[in-house]
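Novice: How does the following fold in three dimensions:
(2 chains)
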Protein chains: 2
Amino acid sequence: MARTLPLADRTPPFERIAIVGFGLIGGSLAMAIRQRWTSGLIIAVDRKDVLEMAMRMQAADVGGDDLVMAAGADLVVLAAPVLQNHRILEQLADVLPGDALVTDAGSTKQAIVEAAKGLPPRLRFVGGHPLAGAAAGGLRTARADLFADRPWIFTPDDRSRPEDVQRLEQLVGAVGARPQRMTPAAHDRLVAFLSHLPQLTASALMHVVGTNAGLEGLALAGQGLRDTTRLATSPACIWRDILRTNSTEIVAAIDALIAVLQQLRADASGEDQALERIFESAAEWKRAIEADTSQQ
Amino acid sequence: MARTLPLADRTPPFERIAIVGFGLIGGSLAMAIRQRWTSGLIIAVDRKDVLEMAMRMQAADVGGDDLVMAAGADLVVLAAPVLQNHRILEQLADVLPGDALVTDAGSTKQAIVEAAKGLPPRLRFVGGHPLAGAAAGGLRTARADLFADRPWIFTPDDRSRPEDVQRLEQLVGAVGARPQRMTPAAHDRLVAFLSHLPQLTASALMHVVGTNAGLEGLALAGQGLRDTTRLATSPACIWRDILRTNSTEIVAAIDALIAVLQQLRADASGEDQALERIFESAAEWKRAIEADTSQQ
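Specialist: Below is the predicted model of the structure:
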């Protein structure tokens, strides 16, 4: 029995999508779009060696290492590390002659939304952030199902057109993500706790434990330490940009963690009794996360 | 082709082993001994409901809820939570009429080794700590292979007889563990970093993230937060005892972590540049752990 898909489902919401920065996020988005639709042009902008891989993977239709490649696109997705996205954003007005919608996939939103206010009106900007994957996986680790069931947060501001946000939500929803809206400030505060603090904590913990236990001591480590520090191989270069563009929220998150560690320290030294309260609260939140997962 | 095992391999190094506290550690030790040898008596001491389960699981030959059950044992293993082990230790002299070797399986060693100096000379004590499992799993989660390839640290002091330590090492080696020796002080310092700090950090982090992100925010959490906080359901009661009996080392470990978090905070607020150094160190230690695992 033949089934006719609604028009919106048969063609992508954008005809020519330029993805600038073809790593894990950019490459996965391209692969997901390719898997979902046969029409629509995907333009990759990245270094030559990355483009060669993208072509071999058939993840892009055309590509180039110059931003002018994006000139004809109706959607430009900035998917490089955060501060590179900022530098690319500054060049867009010179390179794109016509109208285009611009979005990004960076981990912080207030700084880029603010920077995007400098774009000429023909270039409309809506900030975005897929909560998926590791920021530094590279194209080699890209996969079409990276966004499946993961949130993709958009942070429209008062200059954003509702129809632009809807088209972006349609695009990311069609590749399996769960689109959400948030203000840039709410986004940055939330990810400071959900993502940035866990990363900084995992790296700080691994550094402290390694330095104090040494190689011989680490050889006795169990699964607890391993899980708690899984994130500790993340590269500093990615996190440098995040630290620079979300410093206020990250400082507040670190302060909140230090305050709780100080309470546990006071308990250990007999000055307070905080352990039960903190552990019971932690166990409740942990069970809440895991219950949420099991519903998915 | 018939193969004759050496005598030491055919019979357990102890004839009557009393395990006081028949939870994950005690129950798993009993099951592992049972699987390894058909001879040798295993005596369980715990609450009646636990003993019933132990009998149904055929993990013990006899059992009782009174410490006098251990009277005829040549090895007594204290496998209850840390401060319960301390209280049981105090009663041993009154309950055990003859000679016996006593060991424990608690997470901290200086306090119990010190307390054991009060035992009469006929009760020889060697502290022990299997680095395996979760302290609060209960008998239901016990399994014969819990100690496979995991370190089992013994902390003999100047009163310990070498032949006692050797027999204990033979026992735990035969159930798959890797016996190690350490001073009680070196043990407590090492586990403060390898085990206690990761636990306190995971619980503190989950508490802080939950409190600040809320249920709605947590619903967006990714695998990074989940892994970093895997330990966060550990019960406070177990950790209360550990905090009490290893307070000095735990305070030092928390201080070391706070100092590194302060450096990251200073970096985020533009006063320092610590991120690269800390992340690179963390990544190196992390790769060292994972390389070590892959060799096992």
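Novice: Could you use CA atoms for every contact and neighbour count after this?
Specialist: Will do.
Novice: The strand ranked longest in chain A pairs with which strands, parallel or anti?
Specialist: Ranked by number of residues, the top strand in chain A under DSSP state E is strand A:123-130. Applying DSSP bridges, strand A:123-130 is found paired with strand A:100-104 (parallel), strand A:151-155 (antiparallel).
Novice: Show residues contacting it.
Specialist: A:93, A:98-109, A:112-113, A:116, A:147, A:150-157, A:160-161, A:164-165, A:177, A:184 (Cα atoms under 8 Å, 6 or more residues apart in numbering or on different chains).
Novice: 7 Å instead?
Specialist: With Cα atoms under 7 Å, 6 or more residues apart in numbering or on different chains as the test, strand A:123-130 has contacts from A:99-107, A:109, A:113, A:116, A:151-156, A:160, A:165.
Novice: In PyMOL, how would I select just the buried ones from these?
Specialist: The PyMOL command for the buried members of the contacts of strand A:123-130 (criterion: 16 or more other Cα atoms under 10 Å in any protein chain shown) is given here:
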select buried, chain A and resi 99+100+101+102+103+104+105+106+107+109+113+116+151+152+153+154+155+156+165
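Novice: quick one on the thing from earlier: mean pLDDT and distance to A:L190 added to the strands paired with strand A:123-130, as JSON lines?
Specialist: Below are these laid out as JSON lines (pLDDT from 0 to 100; distance: least, Cα to Cα, whole Å):
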{"stretch": "strand A:100-104", "mean pLDDT": "98", "distance to A:L190": "18"}
{"stretch": "strand A:151-155", "mean pLDDT": "98", "distance to A:L190": "11"}
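Novice: Turn those into TSV, including distance to B:V76.
Specialist: As requested, the strands paired with strand A:123-130 are arranged in TSV below (distance: least, Cα to Cα, whole Å):
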stretch	distance to B:V76
strand A:100-104	64
strand A:151-155	54
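Novice: Where do the strands of the stretch 51-200 of chain A begin and end?
Specialist: Counting by DSSP state E, counting those that start in this stretch, the stretch 51-200 of chain A has strands at residues A:62-64, A:75-78, A:100-104, A:123-130, A:151-155, A:178-181.
Novice: any chance of these in JSON lines, with distance to B:V260 too?
Specialist: Listed next are these as JSON lines, based on distance: least, Cα to Cα, whole Å:
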{"stretch": "strand A:62-64", "distance to B:V260": "42"}
{"stretch": "strand A:75-78", "distance to B:V260": "33"}
{"stretch": "strand A:100-104", "distance to B:V260": "32"}
{"stretch": "strand A:123-130", "distance to B:V260": "29"}
{"stretch": "strand A:151-155", "distance to B:V260": "31"}
{"stretch": "strand A:178-181", "distance to B:V260": "34"}
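Novice: A:F279 is nearest to which of these?
Specialist: Nearest of the strands of the stretch 51-200 of chain A to A:F279, taken as Cα to Cα: strand A:151-155 at 28.4 Å.
Novice: hmm, who's touching that closest one?
Specialist: A:126-131, A:177-184, B:220.
Novice: For chain A, spot the helix or strand the model is least confident about on average.
Specialist: Ranked by mean pLDDT, DSSP states H and E, the weakest helix or strand in chain A is helix A:7-10, scoring a mean of 62.
Novice: now the angle between strand A:100-104 and the helix or strand just after that one, please.
Specialist: Following helix A:7-10 in sequence order, the next helix or strand is strand A:16-20 (DSSP states H and E). For strand A:16-20 against strand A:100-104, the angle by axes from the mean of the first three to the mean of the last three Cα atoms, to 10 degrees is 40 degrees.
Novice: And the contacts of the helix or strand following strand A:16-20?
Specialist: Helices and strands here follow DSSP H and E; after strand A:16-20, the next one along the chain is helix A:24-36. Residues outside helix A:24-36 that contact it (Cα under 7 Å, 6+ apart) are A:19, A:42, A:59-60, A:79, A:136-139, A:141-146, A:175.
Novice: swap in stretch A:263-282?
Specialist: So stretch A:263-282 is contacted by B:203-204, B:206-207, B:232-233, B:235-236, B:240, B:243-244, B:247, B:250-251, B:254 (Cα under 7 Å, 6+ apart).
Novice: And that stretch, how far out from the chain middle?
Specialist: 34 Å (Cα atoms, centre = their mean, to the nearest Å).
Novice: List the buried residues in it.
Specialist: Neighbour counts over stretch A:263-282 (16+ other Cα under 10 Å) mark A:263-269, A:273-276, A:278-282 as buried.
Novice: repeat for stretch A:44-63
Specialist: Within stretch A:44-63, the residues that count as buried by 16+ other Cα under 10 Å are A:44-46, A:50-51, A:54, A:59-60, A:62-63.
Novice: If I look at A:S160, what pLDDT would I see?
Specialist: Listed pLDDT for A:S160 reads 94.
Novice: Excluding chain neighbours, what is closest to it?
Specialist: Nearest residue to A:S160, sequence neighbours excluded (Cα to Cα, 6 or more residues apart in numbering or on different chains): A:V126, at 6.3 Å.
Novice: tally of neighbours for that neighbour?
Specialist: 22 (other Cα atoms under 10 Å in any protein chain shown).
Novice: now it: how far from A:P151?
Specialist: 16 Å (Cα to Cα, to the nearest Å).
Novice: ok, back up a step: going by neighbour count, which of the contacts of strand A:151-155 comes out on top?
Specialist: Counting neighbours by other Cα under 10 Å, A:G128 leads those with 32 neighbours.
Novice: Perfect, that will be all.
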